[in-house]
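Asker: The following comprises the amino acid sequence and a computationally predicted model.
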Protein chains: 2
Amino acid sequence: MATKQPTIHDVARAAGVAISSVSRVLNGNTSNREMIERVRRAVEEVGYVPSAVAQSLKTRQTGQVAFAMEDIGNAAYLAMVRAIQPVLRDAGFRLLLHSTGADVNDEIEVLDSLSQRYVDGLVLCPIRVTDRHIEALRRAAVPVVVIGSLPDDVPVDNVRADSRLGAALAMEHLLEQGCRRIALVDGPADTVPGRSRHLGYQDGLRAAGIPERTELISFTDFSFGQGAGAAAAMLRLQQPPDAFFAANDVLAMGVLQAVREAGLSVPRDVAVVGMDDTELAATAWPPLSSVSLGAAERGRLAAELLLGRLADQDRAPKRVTVRPRLVVRASSVPARPDAVRPPHEGSR
Amino acid sequence: MATKQPTIHDVARAAGVAISSVSRVLNGNTSNREMIERVRRAVEEVGYVPSAVAQSLKTRQTGQVAFAMEDIGNAAYLAMVRAIQPVLRDAGFRLLLHSTGADVNDEIEVLDSLSQRYVDGLVLCPIRVTDRHIEALRRAAVPVVVIGSLPDDVPVDNVRADSRLGAALAMEHLLEQGCRRIALVDGPADTVPGRSRHLGYQDGLRAAGIPERTELISFTDFSFGQGAGAAAAMLRLQQPPDAFFAANDVLAMGVLQAVREAGLSVPRDVAVVGMDDTELAATAWPPLSSVSLGAAERGRLAAELLLGRLADQDRAPKRVTVRPRLVVRASSVPARPDAVRPPHEGSR
DNA sequence: CGCAATTCCGGAAACGATTCCGAGGCGTCC
DNA sequence: GGACGCCTCGGAATCGTTTCCGGAATTGCG
């Protein structure tokens, strides 16, 4: 293992045949029993393993697809991974994951190098989209599917969620429950998800004729501690909120924690709704109402779009949008219907 | 993008220079301003991106390292990923993740093909170890570091946890709290982690002179629902347990849920200790006592072992073991010291 | 038994880069 | 002013496969 890997030449020599014959046997294009036997024995003898790099230089394919996201620790991406994997596996591809760590430079670098690097295609889930992203997308050497919003004129297959509508659904629900001082615990304001959730929040307030109050809005990053901290601060306000909409489930878990530590009860004193409907929501206490943005479905669709493009490179780029839906659990209503509410037709 | 990628030849033609010159410019081995300018312009003009496959065929390296684990959804692996990533990044490697889905065949296949497939090294975290694993390890074409137990005669770099001792620590702690009917909610009995946790559980009972009772032991898989189900069943026993040791934090979350739904209080009625000390433990309610098996440290060590071997292929294989430690939170003691207890010296 | 068709295998040309080697140009120093 | 050395660049070999092509051997059929 240490020194030198045997090549197809070594096998050919050991078997006393030409390298082309070895290749044929290995790829199953030979019928002669005797030849097959000899090559098999020689392979065994020298311990040959084909060089995938050389193979794909020749065949121009790798059998691999990459999924690049910000943070593999985020359960929403996890749901995507779980949905993408079986689709690609069935099509004979191996899925490789890459976690960029919310670093734009790294994201671009992944696009540039991973796209031309040992994969046949790429599913990218950028949290920010800059001009440099777009440019990198244009020069990508392999098909790329983007999960997330993209300017209309970028000719790339694209799956998106409607998190603005999703946020509005959450607001509508909380308003129906009679909540009037609804706080927003959002992610970073300079990201696409952060912005659109804020917009949906505003949509909801506007529809109810409630003015936006800055002390009830907090931009953090998507973490438990930040969610807990932001909620704790708001609960100390003179007029504390009677409900929280958290921009994802991890933040919502933090909110739940802060509410408990303030000695209040969910949902009696404070209602809480999260977003992404990850596994966390079902395992939280009380079980967390959450707006599903269809992560699994987006993953599946992205994988299918990629396979489609791999099969026909010249196909026109497609764009798919997945509708959000609210999953009501105990954290926002006294009873526990655990019911799924479809998005209001015609809202937004 | 659709038809044909430009190669270095196209750049050379466009620039009116030799391909060797293009290569030199791209690799920074040229000082002539004029030449650099011409090549840069030509690269821009034809939209050239180097083929990483061709590069690594020639240079015999890829700049990539893979981490293959059972399930990326498991927070313990996540902690490893987070620890591995910075070490490798600083050394100039990109980290690729692969989730095998607990499928032994897939694991072997990953070993076989990924090891000879576009990576310079591999960190493998197998949940089961079969003879086929060992054989695949022997013929792996690139250095492999295994996280987990391995027979002594396999010459592979190896990082291990001592989950048996870890389980014993949890038992010792619960016994100190006065618990006597301690239930074990374990993972699958036919996996290495499952077996060793059971052994540690037995060690703990034996040390206290308490006989093992089969109705207090349940082998499930590592999931929330299974943990909740197993705990719920045990709580319905004539003599229900007064404590649960769960083989990982997800199972423990399920146990907490079942205890709550039975109308009991943690830790007053039932104490709970989990394992792996993942993020879940700190965000649970009440915060979960958990035995840390040093996932992050194991990841970091594995990455460093791999880098070491990459630097010196002929180095003798190393084996490192990380000691477990118990992190006490509210779920197992009335007060909340949140203290860290080091392992007993000389236990086991 | 002879000829055409088919099968089978070996040689060699790619794939797209890096890198060694040698030729030429130019500066420097005696 | 000539010899020497250095720098730069172009040509060609090479990495380890797959695949095309052509010749030899085998088969089938008249």
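Answerer: Received the coordinates, thanks.

Asker: so is the residue most central in space within chain A in a helix, a strand, or just coil?
Answerer: By C-alpha atoms, centre = their mean, chain A has its centre lying nearest to A:Tyr77, at 3.3 Å. Using DSSP: H, G, I helix; E, B strand; the rest coil as the criterion, the local structure at A:Tyr77 reads helix.

Asker: Contact partners for it?
Answerer: A:Tyr77 makes contact with A:69-71, A:125, A:295, according to C-beta atoms under 8 Å, 6 or more residues apart in numbering or on different chains. Yep, even glycine has a C-beta here, placed from its N, CA and C like the rest.

Asker: In a markdown table, list those residues along with pLDDT and distance to B:Val49.
Answerer: Below are these laid out as a markdown table (pLDDT from 0 to 100; distance: C-beta to C-beta, whole Å):
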| residue | pLDDT | distance to B:Val49 |
| --- | --- | --- |
| A:Met69 | 92 | 22 |
| A:Glu70 | 88 | 24 |
| A:Asp71 | 88 | 27 |
| A:Cys125 | 92 | 22 |
| A:Ala295 | 97 | 31 |
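
Asker: related to what we said a few turns ago, pLDDT at the residue nearest to the centre of chain A, what is it?
Answerer: In this prediction, A:Tyr77 carries a pLDDT score of 95.

Asker: for A:Ile19, same thing?
Answerer: pLDDT, the model's per-residue confidence, is 95 for A:Ile19.

Asker: Taking helix B:52-59 as reference, get the angle to the helix or strand containing A:Ala54.
Answerer: Secondary structure from DSSP states H and E places A:Ala54 in helix A:52-59. Between helix A:52-59 and helix B:52-59, the angle comes out at 130 degrees (axes from the mean of the first three to the mean of the last three C-alpha atoms, to 10 degrees).

Asker: Tell me the helix or strand right after helix A:52-59.
Answerer: Sequence-wise, the next helix or strand beyond helix A:52-59 is strand A:64-69, with elements assigned using DSSP H and E.

Asker: How about that next one, which residues are buried there?
Answerer: If you call a residue buried by 16 or more other C-beta atoms under 10 Å in any protein chain shown, then strand A:64-69 has these buried ones: A:64-69.

Asker: can you check stretch A:219-235 too?
Answerer: Taking 16+ other C-beta under 10 Å as the neighbour-count basis, stretch A:219-235 is seen to contain the buried residues A:219-220, A:222-224, A:226-232, A:234-235.

Asker: Repeat that for stretch A:199-206.
Answerer: Of the residues in stretch A:199-206, those buried by neighbour count under the rule 16+ other C-beta under 10 Å are A:200-205.

Asker: repeat for stretch A:316-328
Answerer: In terms of neighbour count (16+ other C-beta under 10 Å), stretch A:316-328 has its buried residues at A:320, A:322, A:324-328.

Asker: Quick one: the helices in the stretch 151-300 of chain A, in order.
Answerer: For the stretch 151-300 of chain A, helices defined by DSSP state H, counting those that start in this stretch occupy the ranges A:163-176, A:192-208, A:224-235, A:249-261, A:279-283, A:295-311.

Asker: Please list the residues outside the fifth one that contact it.
Answerer: Read it as helix A:279-283. The contact list for helix A:279-283, computed with C-beta under 8 Å, 6+ apart, reads A:75, A:249-250, A:252-253, A:274, A:287-290, A:327, A:329, B:73, B:224, B:253-254, B:257.

Asker: which of the buried residues of stretch A:219-235 sit farthest apart?
Answerer: Across these, no pair lies farther apart than A:Phe222 and A:Leu235, at 20.1 Å, counting by C-beta to C-beta.

Asker: what about the nearest residue to A:Ala208 once chain neighbours are set aside, distance to DNA strand C?
Answerer: Spatial nearest neighbour of A:Ala208, excluding adjacent residues (C-beta to C-beta, 6 or more residues apart in numbering or on different chains): A:Leu175 at 5.0 Å. Between A:Leu175 and DNA strand C the distance is 58 Å, computed by C-beta to the nearest atom of the strand, to the nearest Å.

Asker: Also A:Ala141?
Answerer: Here A:Ala141 is placed at a distance of 9 Å from DNA strand C (C-beta to the nearest atom of the strand).

Asker: quick one: contacts for the nearest residue to that residue once chain neighbours are set aside?
Answerer: Leaving aside its chain neighbours, A:Ala141 sits nearest to A:Gln116 (4.1 Å; criterion: C-beta to C-beta, 6+ apart). By C-beta under 8 Å, 6+ apart, the contact set of A:Gln116 is A:140-142, B:5, B:49-52.

Asker: For A:Gln116, grab phi and psi.
Answerer: Backbone dihedrals for A:Gln116, given as degrees, to the nearest 10, come out at phi -110, psi 30.

Asker: re earlier: rebuild the buried residues of stretch A:316-328 as TSV, extending it with pLDDT and distance to DNA strand C.
Answerer: As requested, the buried residues of stretch A:316-328 are exported to TSV (pLDDT from 0 to 100; distance: C-beta to the nearest atom of the strand, whole Å):
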residue	pLDDT	distance to DNA strand C
A:Val320	97	32
A:Val322	97	37
A:Pro324	98	43
A:Arg325	97	46
A:Leu326	98	49
A:Val327	97	48
A:Val328	97	54
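
Asker: quick one: which two of those are the most distant?
Answerer: Of all pairs drawn from the buried residues of stretch A:316-328, the one with the largest separation by C-beta to C-beta is A:Val320 and A:Val328; the distance is 25.9 Å.

Asker: In contact with A:Gly166, which residues?
Answerer: Residues in contact with A:Gly166, defined by C-beta under 8 Å, 6+ apart, are A:197, A:200, A:275, A:291-293, A:324, A:326.

Asker: Mind doing that once more with 6 Å?
Answerer: Residues near A:Gly166 by C-beta atoms under 6 Å, 6 or more residues apart in numbering or on different chains: A:291, A:293, A:324.

Asker: Strands - which of those residues land there?
Answerer: Using DSSP state E, the members of those that fall in strands are A:Val291.

Asker: Return the member of the contacts of A:Gly166 nearest to A:Leu96.
Answerer: Nearest member of the contacts of A:Gly166 to A:Leu96, counting by C-beta to C-beta, is A:Leu293, at 24.2 Å.

Asker: hmm, back to that, wait, which of the helices of the stretch 151-300 of chain A is closest to B:Asp152?
Answerer: helix A:279-283 (38.4 Å).

Asker: Let's test this: mean pLDDT of that closest one, rounded?
Answerer: Within the predicted structure, the mean pLDDT of helix A:279-283 is 91.

Asker: Ok, stretch A:209-219 next?
Answerer: Average pLDDT, stretch A:209-219: 97.

Asker: just to revisit the earlier point, if I look at the residue nearest to the centre of chain A, how far off is B:Gly47?
Answerer: For A:Tyr77, the distance to B:Gly47 under the criterion C-beta to C-beta, to the nearest Å works out to 31 Å.

Asker: And for A:Gly263?
Answerer: A:Gly263 is 62 Å from B:Gly47, where distance means C-beta to C-beta.
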